[in-house]
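Visitor: What would the 3D arrangement of this be:
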Amino acid sequence: MASENDHKNDSLPDLIRTEGINFKGYGIVFKYVMLDRNISIEAKGIFAYFCSYAGSGCQAFPGRDKILDDLGINKSTYYIHLNQLKNSGYITSEQEHQKGVKGFMRNIYTIRSFPKCAEDDIGKIPEAQKTGIKYFGYGMIPKAIMTDKRLKLKAKSLYAYFCSFAGAGSEVTPQKDNILVHLGITHNTYSKYINELKSLDYISTFQMNNNGSFGNNRIILNEKPG
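Guide: You can find the predicted model right below:
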């Protein structure tokens, strides 16, 4: 019986692809960042965007103009919220220079596992001292979501928040009031962007039945959005 390699053209590399929402790649997003009330919901969305590109380690990252286009924001907004991430120590950046060439070649961004703002929390737990803020929980963030221009930045931030709770599965049920506090948003803002995610089939919601009475919504992150 012939194998799959019998008639293979060795001049072409083999490919591997992922089915479903992760088909463009993904990274991990830390719950610690999503719960940090000292940074804005926009900063959390920008952080998740960075994370979505970092799943394969050190790799090419889009230029600023593409980032602004993907996130639907202007340059001023971008730097205001990016600077929150830098000031907290979640992201650091450096400029790479080429000898003999005026100016710099590119920015190199690093997503920090041991940000300065988390030093006290990490220092209290021996396990966290080895793994950093990853110890406090994380989930996968798909690049397809973060580059979808139909979604507003706050909707992407909300999705990233849910992802950070879903590291052990696809179902997340954080309390709505806690979500509002962690993201610094109102009920109306929450409803607006939940509906935006639902309209594109990125999430589904179902009311939980608790002893005959309905309570919190159950939120499902759809693996194959329509």
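Visitor: ok, how many other residues are close to residue 123?
Guide: For residue 123, the neighbour count with other CB atoms under 10 Å is 10. Heads up, the C-betas are built off the backbone N, CA and C, glycines and all.
Visitor: give me the element the closest residue to it other than its chain neighbours is part of.
Guide: Nearest residue to residue 123 in three dimensions, chain neighbours excluded: residue 129, at 6.9 Å (CB to CB, 6 or more residues apart in numbering). Following DSSP states H and E, one finds residue 129 within helix 126-131.
Visitor: pLDDT (mean, whole number) over that helix?
Guide: Averaged across helix 126-131, pLDDT comes to 96.
Visitor: name the helices or strands packed onto it?
Guide: Using 3 or more CB pairs under 8 Å, 6 or more residues apart in numbering; DSSP states H and E, the elements in contact with helix 126-131 are helix 119-123.
Visitor: residues of the helix it packs on that come out buried?
Guide: For helix 119-123, burial by neighbour count (16 or more other CB atoms under 10 Å) applies to residue 122.
Visitor: And the contacts of it?
Guide: Outside of helix 119-123, the residues within contact range by CB atoms under 8 Å, 6 or more residues apart in numbering are 32, 114, 128, 129, 132, 133, 135, 136.
Visitor: mind running it again at 10 Å?
Guide: Applying CB atoms under 10 Å, 6 or more residues apart in numbering, the contact partners of helix 119-123 are 32, 89, 113-115, 128-133, 135-136.
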